[in-house]
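Enquirer: After the sequence you'll find the predicted model.
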Amino acid sequence: MYIRTFKGHEDLDIVLELERICFPETGWSREEYEEIIDDPNLVFYMVFDSPEENILIADCFAFVNIGGETHFNSNSVHPDYRRMGLGGLMIKLREAAGRLAGDKKVKVEMSVNNKSSIAMHKKYGYKPTGVIIIEYYRNGDDAMQMEKEL
């Protein structure tokens, strides 16, 4: 396994491919990534199968220092590499980035139908805020918000 940060436009095609595999109905588009790619508050980590970077097996990104909060935006793990602890690793990487930025809290939204993501975040200490965002995703799914103190 090899972890590195996102190189912007150079990495966009492989990130979009993983996004398509993981979230065929709700994933981010090229245009949406283009809008955020140069944001100074963006932290983006990529996990490859090896230092040769043959296969992107996971990625995640968040925005830090948003009013003292870190906001998780995406956590993608290739289906062939799930249940190996990569989702938890992605959570820990983004939490560390938030702490380094001086943030005191982290927030995340996920589909109310994504039971595995909800369970994983609860395992790492996240609690539902009670906020439900109606039709948050392209496919019409609602999102629930969870948060954790850092």
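Expert: Yes, it's here. Note that the structure is predicted; figures quoted are calculated from it, not measured.

Enquirer: The residue of the chain positioned farthest from its centre in helix, strand or coil?
Expert: Farthest-out residue of the chain from its mean C-alpha position, per C-alpha atoms, centre = their mean: E52, at 23.1 Å. Counting by DSSP: H, G, I helix; E, B strand; the rest coil, the backbone at E52 sits in coil.

Enquirer: residues in contact with it?
Expert: Applying C-beta atoms under 8 Å, 6 or more residues apart in numbering to E52 gives no contacts. Heads up, the C-betas are built off the backbone N, CA and C, glycines and all.

Enquirer: what separates it from V15, distance-wise?
Expert: From E52 across to V15, the span is 18 Å (C-beta to C-beta, to the nearest Å).

Enquirer: what does S29 give?
Expert: 11 Å.

Enquirer: Of the two, give the one with the bigger neighbour count.
Expert: Higher neighbour count among S29 and V15: V15, with 22 against 11, using other C-beta atoms under 10 Å.

Enquirer: Doesn't that one belong to a helix?
Expert: Yes. Checked against three-state DSSP, V15 lies within a helix.

Enquirer: Just to check, it is in contact with K7?
Expert: No. V15 lies out of contact with K7 (C-beta atoms under 8 Å); the separation is 10.0 Å.

Enquirer: How are the helices of the protein distributed by residue range?
Expert: Counting by DSSP state H, one finds helices in the chain at the ranges 12-22, 30-36, 86-100, 115-123.

Enquirer: okay, the ones you listed, which one's buried deepest?
Expert: Comparing the helices of the chain on average neighbours per residue, with mean count of other C-beta atoms under 10 Å, the densest one is helix 86-100 at a mean of 19.

Enquirer: relative to helix 115-123, how tilted is that one?
Expert: In terms of direction (axes from the mean of the first three to the mean of the last three C-alpha atoms, to 10 degrees), helix 86-100 departs from helix 115-123 by 50 degrees.
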